[in-house]
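Asker: Have a look at this prediction, sequence included:
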Amino acid sequence: MIPAHEEQRLFSRMQLNARIILATTSARVEGICRNLSAEGVLMEVAAGQCQLGQEWRLVLPSVDAGVEPLMAVATVIRVDTGDRTDMVALALSEVC
């Protein structure tokens with residue numbers, strides 16, 4: 001039996017506090033990446049910016065000019081709405 005305090009996810013999460021950008025051909029959303037795993041991202045954005053099922057192009061810029069940014073296709077799988085900000089969970093695919 002796995003103790004209740006251990007992470008039970010397939011991929012561990014890296015806690016971050018980094019700028020992240022979501023974009024389509026007609027919209028752009030900037031927010032703060034709160035955590036990142038091999039399969040997903042949790043980000044904080046201004047309320048009402050993302051809806052369940054939306055597909056975005058995600059860019060997580062690097063702070064080091066010698067390191068390429070993380071880019072992927074990201075699909076919104078959960079939106080926890082708040083008064084001023086929402087916590088948005090995204091599943092990553094086509095990571096480059």
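Answerer: Received it, and whenever you're ready, just let me know what you need.
Asker: From what I see, D83 and A47 are in contact.
Answerer: Yes. Contact criterion C-beta atoms under 8 Å: D83 and A47 qualify, at 6.9 Å. In this view, the C-beta of every residue, glycine as well, is placed from N, C-alpha and C.
Asker: the more surrounded of these two?
Answerer: Neighbour comparison, D83 and A47: the larger count goes to A47, with 12 against 6 (by other C-beta atoms under 10 Å).
Asker: if I pick the more buried one, what's in contact with it?
Answerer: Neighbouring residues of A47 by C-beta atoms under 8 Å, 6 or more residues apart in numbering: 81-86.
Asker: Can you tell me the closest non-neighbouring residue to it?
Answerer: When the adjacent residues along the chain are set aside, A47 lies closest to D86, with 5.2 Å between them (C-beta to C-beta, 6 or more residues apart in numbering).
Asker: Show me what whichever strand or helix holds the one you found pairs with in its sheet, parallel or antiparallel.
Answerer: For D86, the host element (DSSP states H and E) is strand 85-93. Strand 85-93 pairs in its sheet with strand 40-46 (antiparallel), strand 70-80 (antiparallel), by DSSP bridges.
Asker: Deepest in the core, which of these is it.
Answerer: Most buried of the strands paired with strand 85-93 by mean neighbour count (mean count of other C-beta atoms under 10 Å) is strand 40-46; its value is a mean of 20.
Asker: Nearest spatial neighbour of R84, chain-adjacent residues omitted?
Answerer: A47 (5.7 Å).
Asker: Apologies, that question was intended for G53.
Answerer: Distance criterion C-beta to C-beta, 6+ apart; nearest residue to G53, sequence neighbours excluded, is V76 at 6.2 Å.
Asker: N35 too?
Answerer: Nearest residue to N35 in three dimensions, chain neighbours excluded: R13, at 4.3 Å (C-beta to C-beta, 6+ apart).
Asker: Same question for L36.
Answerer: M14 (5.0 Å).
Asker: Tell me the spacing between that neighbour and A27.
Answerer: Between M14 and A27 the distance is 27 Å, computed by C-beta to C-beta, to the nearest Å.
Asker: and if you look at R78?
Answerer: With C-beta to C-beta as the criterion, R78 and A27 are 19 Å apart.
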